[in-house]
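Colleague: no sequence for this one, just the structure:
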């Protein structure tokens, strides 16, 4: 009686091993891509938020009188609209008198201004916008 040797691998064993290895490597590659993509999205949004905060701080530092002059001269048009910076961010700043807002017509004009900063950028072929607003008041010392 001859006993068959069970040493070595069969073709099916190798094929199954290759398929399992391929699936594992594919899953790892998808996880790494997803992590890098999400990380880049968060990085861009953080940079846009930083730029918006910096712009608001610059406007606040000009003082209310300078802002009042700018908003009156522009007549509701954007105070500042810049093309893309080197990093690909577009900046748009709108300064409005609070009495120009709906429902505030009975308020005292040129006492409160709303400053809105919009930073836009492209991510995965779509325009993303970060918008921050603040209210500035006349400082009568």
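Modeller: Alright, I've got the coordinates. Predicted, not measured: the structure shown is a model, and the values here were computed from it. Numbers count the residues shown, from 1 in each chain.
Colleague: tell me where this protein has strands.
Modeller: With DSSP state E applied, the chain shows strands at 80-82, 90-97, 112-123, 126-137, listed in chain order.
Colleague: now distance to residue 57 and mean pLDDT too, for those strands, in TSV please.
Modeller: C-beta coordinates here come from the backbone N, C-alpha and C atoms, glycine included. TSV is the format used below for the strands of the chain (distance: least, CB to CB, whole Å; pLDDT from 0 to 100):
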stretch	distance to residue 57	mean pLDDT
strand 80-82	14	70
strand 90-97	12	85
strand 112-123	10	89
strand 126-137	10	91
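Colleague: OK, contacts around the residue nearest the centre of the chain?
Modeller: Centroid check for the chain by CA atoms, centre = their mean gives residue 45 as the closest residue, at 2.9 Å. The contact partners of residue 45, by CB atoms under 8 Å, 6 or more residues apart in numbering, come to 128, 130.
Colleague: measure it to residue 114 for me?
Modeller: Using CB to CB, to the nearest Å, residue 45 is found at 23 Å from residue 114.
Colleague: for residue 49, find the nearest of the strands of the chain.
Modeller: Among those, the nearest to residue 49 by CB to CB is strand 126-137 (5.4 Å).
Colleague: now do that closest one: distance to the chain's middle.
Modeller: 10 Å (CA atoms, centre = their mean, to the nearest Å).
Colleague: stretch 52-59 too?
Modeller: With CA atoms, centre = their mean, you get 16 Å for stretch 52-59.
Colleague: change the start of the numbering to 25 and stick with it
Modeller: Got it, first residue is 25 now, which makes that one stretch 76-83.
Colleague: what sits up against it?
Modeller: 91, 104, 115, 117, 119, 139, 141-143, 154-156, 158, 160.
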